[in-house]
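Peer 1: Quick one, what's the 3D model for this:
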Amino acid sequence: FPSHDNCWILGIPHVSRIANTISIETNRSLFWRVISWLNFKMDSSIIAVSMGVKDDLIQSIRVPNSKVDVIYNPVLIDEIRSVRSSGNENKAITALFVGRLVPQKNIEFLLRVVARFNREIKLRIVGDGPLLSELIDLALSMGLGEKVEFLGHVENPAKFYSESDVLLLSSFYEGLPNVLLEALSYGTPVVSYDCPSGPREILTDPVLGALVPELNLEHFCGAISDVVNLDSSEKREIRRRFIQSNYSIDRISILYMDVLKKSIYKC
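Peer 2: Below is the predicted model of the structure:
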């Protein structure tokens, strides 16, 4: 194979974007691991959506460090989003999950969190996927029919972000979960499991939400209570401006252009 500084396909720069943890995505298929390795060999540059994804690429596929750039996903903020007040310790909590209903997302754990929670809570689940029927049956068998609402695919979940007290994420692994960024852009705090990649790179300040180091029901429930009880309009404004400053489409576009220019230069 040529060195990683060369272009391999007709002298045309080839750039890949990796959005998930490749070692986990391909760990059950030697064929796809080989295909991934060949693809990355042909790349002049690779864009990873988080440091966790980059580190995984380097360790699992042996991609050279110099070949990979980390560029976070952008959030489309086309208007100043209103921030509602929060912080009422006595009201019922409205929690939100947004995403595909697949094993990776570990939604069963969130159902068990709702069942264990010692305060009135309603979990809205926005998304569709192969586990929908199974999760509905599980929620009903756990007596959560009034506490969990399955909303299916929603084209624009903005309404749910803005109405929620907290976004929940319990994935076994991630690349860089856009739903965390989207929730924060509406000022909504996050409670997330500290899975191998993604959430820890977003939730860098306690004002943004809580990282739970292990999938422990007591710890997760406690983090939800703490985040909601301590929330305020001021914190919601800080979260919104954090996204506006660090994840705008203008800022991320410049980083992509820099990588493309570097790739052209290599050829």
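Peer 1: Helices of the chain, start to end?
Peer 2: Applying DSSP state H to the chain gives helices spanning 22-25, 30-42, 51-60, 107-116, 132-141, 158-163, 178-185, 199-202, 217-229, 233-246, 249-266.
Peer 1: closest one to Gly99 among those helices?
Peer 2: Ranking the helices of the chain by proximity to Gly99 (C-beta to C-beta) places helix 178-185 first, at 5.9 Å. The C-beta positions use only the backbone N, C-alpha and C, and glycine is treated the same way.
Peer 1: was I right about Pro103 contacting Gly129?
Peer 2: No. Using C-beta atoms under 8 Å as the test, Pro103 is too far from Gly129 to be in contact (9.5 Å).
Peer 1: Neighbour count: those two, which is higher?
Peer 2: Neighbours per residue, other C-beta atoms under 10 Å: of Pro103 and Gly129, the larger number sits with Gly129, 17 against 13.
Peer 1: Now that one: closest residue in space, sequence neighbours ignored.
Peer 2: Excluding the flanking residues, the one nearest Gly129 by C-beta to C-beta, 6 or more residues apart in numbering is Leu101, at 3.2 Å.
Peer 1: got it, and Ile58?
Peer 2: That would be Asn65: by C-beta to C-beta, 6+ apart, it lies 5.8 Å from Ile58.
Peer 1: tally of neighbours for the one you found?
Peer 2: 9.
Peer 1: for the stretch 101-250 of the chain, which spans come out with low pLDDT?
Peer 2: For the stretch 101-250 of the chain, no stretch is flagged by pLDDT under 70.
Peer 1: mind redoing it with 90?
Peer 2: Low-confidence segments of the stretch 101-250 of the chain, defined by pLDDT under 90: 156, 196-197, 249-250.
Peer 1: quick one, what contacts Ala139?
Peer 2: Residues counted as contacts of Ala139 (C-beta atoms under 8 Å, 6 or more residues apart in numbering) are 111, 145, 148, 150.
Peer 1: want to throw these into JSON lines with distance to Met42 and neighbour count?
Peer 2: Putting the contacts of Ala139 into JSON lines (distance: C-beta to C-beta, whole Å; neighbours: other C-beta atoms under 10 Å) gives the following:
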{"residue": "Leu111", "distance to Met42": "43", "neighbour count": "21"}
{"residue": "Gly145", "distance to Met42": "52", "neighbour count": "11"}
{"residue": "Val148", "distance to Met42": "46", "neighbour count": "24"}
{"residue": "Phe150", "distance to Met42": "42", "neighbour count": "17"}
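Peer 1: follow-up on the earlier one: check the contact between the residue nearest to Ile58 and Asp55; I expect there is one.
Peer 2: No. Using C-beta under 8 Å, Asn65 is not in contact with Asp55; the gap is 9.4 Å.
Peer 1: Point to the residue nearest the middle of the protein.
Peer 2: For the chain, the residue sitting closest to the mean C-alpha position, by C-alpha atoms, centre = their mean, is Pro177 at 1.1 Å.
Peer 1: Give me the phi and psi for that one.
Peer 2: Phi and psi for Pro177, reported as degrees, to the nearest 10, are phi -70, psi 110.
Peer 1: how far away is it from Glu214?
Peer 2: Between Pro177 and Glu214 the computed distance is 18 Å (C-beta to C-beta, to the nearest Å).
Peer 1: cool, and Arg116?
Peer 2: Here Arg116 is placed at a distance of 15 Å from Glu214 (C-beta to C-beta).
Peer 1: Out of those two, name the residue with the larger neighbour count.
Peer 2: In this view Arg116 and Glu214 are compared by other C-beta under 10 Å, and Arg116 has more residues nearby, 11 against 8.
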